[in-house]
Each structure stands twice: as structure tokens, then as C-alpha cells.
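A.B. asks: I'll drop the sequence and a predicted model, then ask my questions.
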Amino acid sequence: ADSLRWARRTLALVDAGILSGTGLARAEDHLLELWLLSDQALLDELERRVLDVPVRKGPVRRMRLTETLCAWLESESNAVGTAERLDVHPQTVRYRMKQINDLYGDQLADPDARFSLEAVLRAGRLRDRATANARSAPESRHVARG
């Protein structure tokens, strides 16, 4: 029963443009994505709790700060690696990270808090990909089944 549910969810994520739809999409190749997107209401609540501070700063600032924080976490706290991921100057990353440090304080040094931040940011990025694909997709995006 689990395998069938995961396969159906994988197909739905491919149809939504969240997972790449070229060739055979295997659920076992996307377990992390399935887990991160398994409960939309729970993800919304986690996002409110974990990313609460940037949300209150306005949409543009929130986007920049969360994008920077995500890249910084993925770059193992390295400003140069973060700058390369974002295609900005390392000093820009250092400036943004100072703002992020002011917002989050000791949470960035806590492994559990860092994990929560990264999980929520990754899930949000997947959800944003679906939103972007929905906006750019033609009206009739159907996959032939049969």
C-alpha cells in the first residue's frame, strides 16, 4: 500500500513540475522530496514557526534572506561558496548573513535548528518550483495514461 501511495504521489509531483518528468520517475529516487512535501498544512506551520522573522520583513527582503540562508546552509557556512551559488559578491553574502545572524542568533549554531531551517527551506523551494511551473505551463498540461 505504501509503495502505491508513493508512486501516485511521485506521479503527481512530476505532473506538477516539481520532479523532473523525463523518462521513468521512480518513487525510490525521490523519497526526500516525498517526505518534505507529504503534509502541506504541516509544512505551512513549520514555515511560519521556523521562518517567522524574515516573513515579517517583507516579501523581497524575505526572499533574499531565505535564499541566502539556504545557500549558506548548503555551502557549509562558507561565504565564498554561498556567493558562487547565488552569483553575488562574497561581501554581499557577509552583509546578508549579518542580518540573518541578527534575526536568528544562536539558532544558526544549533544543529537541530539548522536542520529545521534547511528542511523547511528545501521544501519551500520545491513548492515554489511547482508554483513557477504552474504559471509558465500551458493551460492543458495532461499526461497520457493508459
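C.D. replies: Cool, the structure landed.
A.B. asks: before we move on, could you check phi and psi at Leu117?
C.D. replies: Per-residue torsions, Leu117: phi -60, psi -50 (degrees, to the nearest 10).
A.B. asks: which ones are touching it?
C.D. replies: Leu117 makes contacts with 50-51, 69, 73, 104, 107-108, as judged by CB atoms under 8 Å, 6 or more residues apart in numbering. Every C-beta, even on glycine, is put in place using the N, C-alpha and C of the backbone.
A.B. asks: got a winner among the residues you listed for most neighbours?
C.D. replies: Using other CB atoms under 10 Å as the neighbour test, the contacts of Leu117 are led by Leu69, with 24 neighbours.
A.B. asks: okay, now Asp102: neighbour count?
C.D. replies: There are 9 residues near Asp102, going by other CB under 10 Å.
A.B. asks: from Ala113, how far off is it?
C.D. replies: Separation of Asp102 from Ala113 (CB to CB, to the nearest Å): 15 Å.
A.B. asks: next up, the contacts around Leu46.
C.D. replies: Contacts of Leu46 by CB under 8 Å, 6+ apart are 116, 119-120, 123.
A.B. asks: what do you get for Ala113?
C.D. replies: Ala113 neighbours (CB under 8 Å, 6+ apart): 104, 107.
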